[in-house]
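1. everything below, folded, please.
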Amino acid sequence: MARDQIDMTPLQSRDELVAWLAAGVKPPSEFRIGTEHEKTPFTLEGYHPVPYEGARGIGALLEGMQLLLGWEPIMERGNIIGLYDVTGGGAISLEPGGQFELSGAPVETVHQTQAELMAHLAQVREIATPLGIGFLGLGMTPSWSRSQIPVMPKGRYGIMTNYMPKVGQYGLDMMYRTCTVQTNLDFSSEADMVKKLRVSVALQPIATALFANSPFTEGKANGFLSFRSEIWRDTDNARSGMIPWAFEDGMGFERWVDYALDVPMYFVKRGDSYIDVSGSSFRAFFDGRNNSLPGERPTLSDWANHLSTIFPEVRLKRYLEMRGADGVPWGRLPALPAFWVGLLYDDATLDAAWDLVKYWTAAERQALRDDVPRFGFKARIRDRYLFEIARECVKLSHAGLRRRGRIDHLGRDESRHLEPLERILESGRTPAEEMVEKFNGAWGGSVEPAYKEYAF
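-> You can find the predicted model right below:
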């Protein structure tokens, strides 16, 4: 989420942390869909990274968007770093390398997600095109080295940039070179949260394969279909991965709190300042044992901020975040919320999806997760190819969306948003394989055509 939370009530007990998560429980009639997507800005001339500063920079882009939309600016030390829609709840924020993120408002249907997306793209184009800026819909920047990419003026990113190389080889690539699309979904009880979390963690590799879209690094094929997904395997394993303990007896809000308490922190925000506390756990802070803030107790804001720095394949906040997919071109973006809404928001489908995964072991789930970045549909679990399971999941999702029966103005239900995934399954190839084929063929060994074909 774009904004750091503001609630400076000091925390007294672990129960308050549990209650904060449990406050996410909603009746199904109030379930919403939130979709977030990142895209990489590039200069239309020469396909270079876009700096923050200057008349044609990211700061100017955000200022133009603010004038156009009338949204509230999010400022940090005099720099505009995002925008917030006070009425609708949507936001625009910057990832560390300037990746431009829309955090969509919570909406009721995938049709509304698509409408919001189309409006956003039209607005962004109106401001960006005169500035000579385009946007790329890939899971990873295909041609730039890390050193070429500018750093956005956000305090938390400076702290993360220093910390990442200590805990994994790819953390800086994750921050500066990747893009994702994710969808955020609700739960009606603790038990419903647990079931949805387990199903979606187990099936996250399916989404990774269907959306695999990052086969290039620095102008060459990198040997992976989703290198973005591979990057997450060695970014910071204390805060990412397939959370096997979530499948054990006794899973619930309390178990998540205990996990989060032991995840190392990055920062604590006080006023406009970010205090580097990297490597120290929230539990130590809770006990008044944080070396940077001795004797001080965390606030609810600190807790909310800390939860947003945990990166498992599915993340629990006051909703569940699906985190396994690469960023994709705009035509395929609504397919991600459609896929998960169909699986998780229809009870019959959720039961069927659980039947599909409930006998998989933690080791099998992990092996599938480890194989999918390189092998995509050809990854296996037990005696099945992921391709077959993906086909089954899309079919289940389709049935779930039909049963939901949310109709657009032309009388079509939300299952139509799965069409890009159905086409991928018909072709039998992940989007990345199609792109590598172009690279080896029509593109003549250059990634430059991607800046036209995969631009927003």
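2. just the C-alphas of stretch 318-329, formatted as PDB.
-> Provided in PDB are the C-alpha atoms of stretch 318-329 (Å, rounded to 0.1, in the frame of the first residue of the first chain):
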ATOM      1  CA  ARG A 318      -6.800  -7.200   7.000                       C
ATOM      2  CA  TYR A 319      -7.300  -9.000   3.700                       C
ATOM      3  CA  LEU A 320      -5.300 -11.600   1.700                       C
ATOM      4  CA  GLU A 321      -2.800 -10.500  -1.000                       C
ATOM      5  CA  MET A 322      -2.000 -12.800  -3.900                       C
ATOM      6  CA  ARG A 323       1.700 -12.100  -4.700                       C
ATOM      7  CA  GLY A 324       2.800 -14.700  -7.200                       C
ATOM      8  CA  ALA A 325       2.200 -13.100 -10.600                       C
ATOM      9  CA  ASP A 326       4.500 -11.100 -12.900                       C
ATOM     10  CA  GLY A 327       3.400  -7.700 -14.200                       C
ATOM     11  CA  VAL A 328       1.700  -8.100 -17.600                       C
ATOM     12  CA  PRO A 329       0.400  -5.800 -20.400                       C
END
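3. do me a favour and average the pLDDT over it.
-> Taken as a whole, stretch 318-329 has an average pLDDT of 98.
4. could you pull out the helices for the stretch 301-450 of the chain?
-> 335-344, 347-357, 362-375, 386-404, 419-427, 431-440, 450-453 (DSSP state H, counting those that start in this stretch).
5. again with the stretch 1-150 of the chain
-> 14-22, 58-69, 110-128.
6. among those, which comes closest to Val436?
-> Proximity to Val436 (Cβ to Cβ) singles out helix 110-128 among the helices of the stretch 1-150 of the chain, at 26.4 Å. For glycine as for every other residue, the C-beta is placed from the backbone atoms N, C-alpha and C.
7. and the angle from the closest one to helix 58-69?
-> On the basis of axes from the mean of the first three to the mean of the last three Cα atoms, to 10 degrees, helix 110-128 is oriented at 120 degrees to helix 58-69.
8. same for helix 110-128, what does it pack against?
-> Applying 3 or more Cβ pairs under 8 Å, 6 or more residues apart in numbering; DSSP states H and E, we find helix 110-128 packed against strand 33-43, helix 58-69, strand 100-103, strand 133-136, helix 335-344.
9. contact partners for Glu218?
-> Ser143, Trp144, Ser145 (Cβ atoms under 8 Å, 6 or more residues apart in numbering).
10. what does Thr141 give?
-> Going by Cβ under 8 Å, 6+ apart, Thr141 touches Thr40, Pro49, Gly97, Ile149, Arg177, Thr178.
11. and what of Gly168?
-> Asp234, Thr235, Asp236, Asn237.
12. spatially, which two of the residues you listed are the most separated?
-> Spatial extent of those (Cβ to Cβ) is set by the pair Asp234 and Asp236 at 8.5 Å.
13. could you export the helices of the stretch 1-150 of the chain as CSV, including mean pLDDT, mean neighbour count and distance to Val194?
-> Converted to CSV, those look like this (pLDDT from 0 to 100; neighbours: other Cβ atoms under 10 Å; distance: least, Cβ to Cβ, whole Å):
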stretch, mean pLDDT, mean neighbour count, distance to Val194
helix 14-22, 96, 17, 12
helix 58-69, 97, 19, 38
helix 110-128, 97, 18, 25
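14. of those, which is nearest Leu172?
-> Closest to Leu172 of the helices of the stretch 1-150 of the chain, according to Cβ to Cβ: helix 58-69, at 18.9 Å.
15. tilt between the closest one and strand 33-43?
-> Counting by the same axes, to 10 degrees, helix 58-69 lies at 130 degrees to strand 33-43.
16. pull the distance from helix 58-69 to the chain's centre.
-> 23 Å (Cα atoms, centre = their mean, to the nearest Å).
17. could you dump that helix to PDB, C-alpha only?
-> The C-alpha trace of helix 58-69 is given here as PDB (Å, rounded to 0.1, in the frame of the first residue of the first chain):
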ATOM      1  CA  ILE A  58       8.700  10.900 -12.400                       C
ATOM      2  CA  GLY A  59       8.100  13.800 -10.000                       C
ATOM      3  CA  ALA A  60       6.700  15.900 -12.900                       C
ATOM      4  CA  LEU A  61       4.600  13.000 -14.000                       C
ATOM      5  CA  LEU A  62       3.100  12.700 -10.400                       C
ATOM      6  CA  GLU A  63       2.500  16.500 -10.300                       C
ATOM      7  CA  GLY A  64       0.700  16.300 -13.600                       C
ATOM      8  CA  MET A  65      -1.400  13.400 -12.400                       C
ATOM      9  CA  GLN A  66      -2.300  15.400  -9.300                       C
ATOM     10  CA  LEU A  67      -3.500  18.300 -11.300                       C
ATOM     11  CA  LEU A  68      -5.500  16.000 -13.600                       C
ATOM     12  CA  LEU A  69      -7.100  13.900 -10.900                       C
END
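18. what packs against it?
-> With contacts taken as 3+ Cβ pairs under 8 Å, 6+ apart, helix 58-69 sits against strand 79-84, strand 91-94, helix 110-128.
19. what's next to the longest one, contact-wise?
-> Yep, that's helix 110-128 we're talking about. Helix 110-128 is touched from outside by 33, 35, 37, 41, 61, 64-65, 68-69, 90, 100, 102, 104-105, 107, 134-135, 330, 333-334, 337-338, 341, 401, 406, 408, 414, 417, 456, with contacts defined as Cβ under 8 Å, 6+ apart.
20. how about stretch 255-271?
-> Residues contacting stretch 255-271 (Cβ under 8 Å, 6+ apart): 4, 14, 17-18, 21, 155-156, 159-160, 163, 167, 238-239, 243, 245-246, 274-283, 285-286, 290, 292-293, 298, 301-302, 305-307, 309-310, 316.
21. thanks again, I'm all set now.
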